[in-house]
Every structure is written in C-alpha cells, then in structure tokens.
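1. build the 3D model from these lines:
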Amino acid sequence: MFAFKSALGAFLSEKCIHVCVSTNQLGWPLHEGDSFHPQGNIEKMARSEPLTDQDRLPWLLKLHEVIERERSYGSDALVACSALKRLYRQILLHGSKAFPSSGPDQDGLPASSPDVCFLFLYGDYDLIQQRMVVRRGHYMKADLLRSQFDVLEPPLDKENVLSLDIRTSITDMAMEVEKHIVSLKSSPRP
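-> Coordinates of the predicted model:
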C-alpha cells in the first residue's frame with residue numbers, strides 16, 4: 001500500500017520489459033493514481049480528512065479512462081492506486097456502469113476482466129504506518145491510514161488478483177508479478 005505501491009509500480013514499469021519483448025515496448029508506462037486526484041481531494045487529505053466514496057468517484061472515473069485508453073491501444077500499462085473497495089475496482093473496470101444507481105445491469109457486471117489484473121499489496125497496520133511516517137513530500141498523512149483500513153474490502157480471487165505481502169522485497173514481488181503476467185498472457189482468452 002501507499003508509497004510502497006509507487007515504488008513497486010516504478011520497479012515493475014522498468015522490469016516489465018521482459019514480459020513485453022514481443023510488443024517491442026521498452027517497458028510499461030506507469031500511471032501514478034495520486035496524480036489524477038482532483039485538487040479538492042489533495043487538500044482534504046492534506047488536512048487529514050478521509051475521502052468519502054463521493055470524493056473518490058471522479059478520481060476513479062479518470063483512472064478508468066486511463067485503463068480504457070491503454071486497452072483500446074492494445075497496450076500494457078500499470079496503474080498504481082488504492083482501490084480499497086470492490087465498488088472501486090468495479091469502477092476501474094466498468095466506469096459509471098458500476099455505480100449502484102446504474103440499475104439492474106450493475107449487478108450483472110463481471111467481477112474481473114481477463115486483460116486487467118489487480119495487485120493487492122497487503123501488510124499489517126503497524127508496518128504500513130511506520131513506512132508512511134518516514135516518507136516525505138506526500139500530502140496523505142499517516143493518521144489517515146486507519147480510515148483506509150476501516151473501509152478496506154480485500155479483493156476476492158474472482159477479481160483477477162495477485163496478493164503480495166509487503167514484507168517481501170520489491171524484487172521478489174516483481175518476480176511474482178512477472179510470473180503471474182506471463183501465465184495470464186499464455187492462457188487462452190475467453
């Protein structure tokens with residue numbers, strides 16, 4: 001979670017050259033989710049106020065647009081963000097169709113997409129808080145961590161997720177991710 005997700009994302013962005021040699025890419029672009037937050041969200045987090053679902057919706061929709069753009073180009077990419085709830089992950093996959101107010105079709109949306117894989121970085125509260133306290137230059141303060149743990153809905157296997165323990169080194173996690181991506185790319189698509 002948090003700065004660790006950015007560090008892993010940056011590492012994977014460079015490392016994924018091994019996975020995408022066949023596409024002649026030099027690496028996968030990394031889209032850092034924090035840079036897509038509206039200014040109001042940044043100011044709210046800087047004041048140590050937790051974001052609400054309503055605060056997060058425009059941000060999630062922007063990230064959905066990024067994912068859709070990459071998918072439409074047939075590109076591989078990384079998006080680093082805290083998709084804490086199942087609804088948030090559904091919005092990343094399906095955009096506004098995932099909103100509860102979208103009607104009966106919302107319940108029929110697939111839980112995953114074969115071309116989008118979620119990485120769930122998990123760790124214990126104390127370890128994550130220690131890492132957040134020492135990071136510098138980020139608007140989200142460590143005292144907001146509890147609010148994120150309070151709303152966290154760990155992803156289910158059916159959401160096409162790879163769970164990674166943050167006590168593991170970034171290099172080891174990247175190797176797990178690379179193996180997972182290779183296995184996904186070699187599996188037949190529905």
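2. C-alpha from now on. contacts and neighbour counts both.
-> Will do.
3. show me where pLDDT drops low in this structure?
-> Applying pLDDT under 70 to the chain flags the ranges 1-6, 14-27, 101-107, 135-142, 188-190.
4. centroid residue for it?
-> C81 (3.8 Å; Cα atoms, centre = their mean).
5. wait, that one sits on E32?
-> Yes. Counting by Cα atoms under 8 Å, C81 does reach E32; the two are 6.9 Å apart.
6. need the contact list for L30.
-> By Cα atoms under 8 Å, 6 or more residues apart in numbering, the contact list for L30 reads 9-10, 13, 77-80.
7. can you rerun that using 7 Å?
-> 9-10, 13, 77-79 (Cα atoms under 7 Å, 6 or more residues apart in numbering).
8. do the same with I166
-> Applying Cα under 7 Å, 6+ apart, we find I166 in contact with 121-123.
9. so among the residues you listed, which ones count as buried?
-> Buried subset of the contacts of I166 (neighbour count, 16 or more other Cα atoms under 10 Å): L121.
10. just put the contacts of I166 in CSV and tack on secondary structure.
-> Listed next are the contacts of I166 as CSV, based on DSSP: H, G, I helix; E, B strand; the rest coil:
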residue, secondary structure
L121, strand
Y122, strand
G123, coil
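11. now the contacts of I166 as JSON lines including distance to D172?
-> Shown next, in JSON lines, are the contacts of I166 (distance: Cα to Cα, whole Å):
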{"residue": "L121", "distance to D172": "13"}
{"residue": "Y122", "distance to D172": "15"}
{"residue": "G123", "distance to D172": "15"}
